[in-house]
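[1] Need the 3D shape of this:
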Amino acid sequence: MSERRLLIDNDAFVLLAGASFLEEAITAAGFTMAEARRLKSLEFMLRKGARAFQKYPAEVISRSLEMCARVAPLDEVPNLATRAAFEKVCGVDEGEAVLYGVLAEHGFHFLASNDKTAMRAVAGDSRLAAIRGRVAGRVVCMEWLAGRLIKTHGAALTAQRFAQLVALDKRLGAILSPANSGRPEDCLPAAESFLNGLHRDLGMDFLFTL
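    Residues are numbered from 1 along each chain as shown. Below is the predicted model of the structure:
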């Protein structure tokens, strides 16, 4: 039997680690830290100051590097046939192709992702129909995780921990902004509204839900 794993893409990893919520989010998805996996290249990219991470404050990078030491890198790569399926598909970069490819090959793996471009490509490109069929229901989006964190920790604490990051992620900012304007009760409905929008865009079966 294939081992259970929660794969985490770079964007989701840095947002959650930067807010000191990574372990809580992994738990919310039903996994342990030992079962989580990140892309092997993430630590190097953070240390190098790769362009994708230059927007983040130094404290966020530091917390992300600390969590890289606690979350094992993904050693697997998809087989040649799976990799070939992604070659001419726009919207799925190399890292996301590895994650979705491994996800497709292992029925007990899940993927935590904040890459909406890759989600839409995998969910909607006819050339990835077979991949979509194998990964549907096992993609955990940030909107779902944000809702779970709000339910568990409250809107005020969740907004406080994400304070350095909401300006860098429009959806997250929209979900948590009511907590900073005296309407914390509106945060959870906002998360659910964005999640419902993704269901309409991607298909009701694509994202993980409880």
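
[2] Would you map the helices across the chain?
    Along the chain, counting by DSSP state H, helices occupy 10-18, 22-28, 41-48, 58-68, 80-85, 94-105, 116-124, 129-135, 142-153, 155-161, 170-176, 187-202.

[3] Output these in CSV, with distance to residue 34 appended to each entry.
    The C-beta positions use only the backbone N, C-alpha and C, and glycine is treated the same way. Below are those laid out as CSV (distance: least, Cβ to Cβ, whole Å):
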stretch, distance to residue 34
helix 10-18, 16
helix 22-28, 10
helix 41-48, 18
helix 58-68, 14
helix 80-85, 25
helix 94-105, 17
helix 116-124, 26
helix 129-135, 23
helix 142-153, 19
helix 155-161, 23
helix 170-176, 27
helix 187-202, 28
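
[4] Please dump these into a markdown table; it should also carry mean pLDDT and mean neighbour count for every row.
    Listed next are the helices of the chain as a markdown table, based on pLDDT from 0 to 100; neighbours: other Cβ atoms under 10 Å:
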| stretch | mean pLDDT | mean neighbour count |
| --- | --- | --- |
| helix 10-18 | 98 | 25 |
| helix 22-28 | 98 | 20 |
| helix 41-48 | 96 | 16 |
| helix 58-68 | 97 | 17 |
| helix 80-85 | 95 | 14 |
| helix 94-105 | 97 | 22 |
| helix 116-124 | 98 | 20 |
| helix 129-135 | 97 | 17 |
| helix 142-153 | 97 | 22 |
| helix 155-161 | 96 | 19 |
| helix 170-176 | 96 | 20 |
| helix 187-202 | 97 | 17 |
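
[5] among the ones you listed, which is nearest residue 74?
    With Cβ to Cβ as the criterion, residue 74 lies closest to helix 94-105 of the helices of the chain, at 6.7 Å.

[6] Contacts for that closest one, please.
    Taking contacts as Cβ atoms under 8 Å, 6 or more residues apart in numbering, the residues outside helix 94-105 that touch it are 7, 9-10, 39, 41, 74, 76-79, 82-83, 85-86, 92, 109-111, 113, 115, 118, 122, 131, 134-135, 138-139.

[7] do the same with stretch 165-184
    Under Cβ under 8 Å, 6+ apart, the answer for stretch 165-184 is 15, 18-19, 55-56, 60, 114, 142-143, 146, 150, 154-156, 158-159, 162, 185-187, 190-191, 194.

[8] still on that earlier bit, among the helices of the chain, which is nearest residue 209?
    helix 142-153 (6.8 Å).

[9] Let me know the angle separating that closest one from helix 116-124.
    110 degrees (axes from the mean of the first three to the mean of the last three Cα atoms, to 10 degrees).

[10] between helix 142-153 and helix 187-202, how big is the angle?
    Using the same axes, to 10 degrees: helix 142-153 against helix 187-202 is 160 degrees.

[11] center of the protein - which residue?
    The residue lying closest to the centre of the chain (Cα atoms, centre = their mean) is residue 113, at 2.1 Å.
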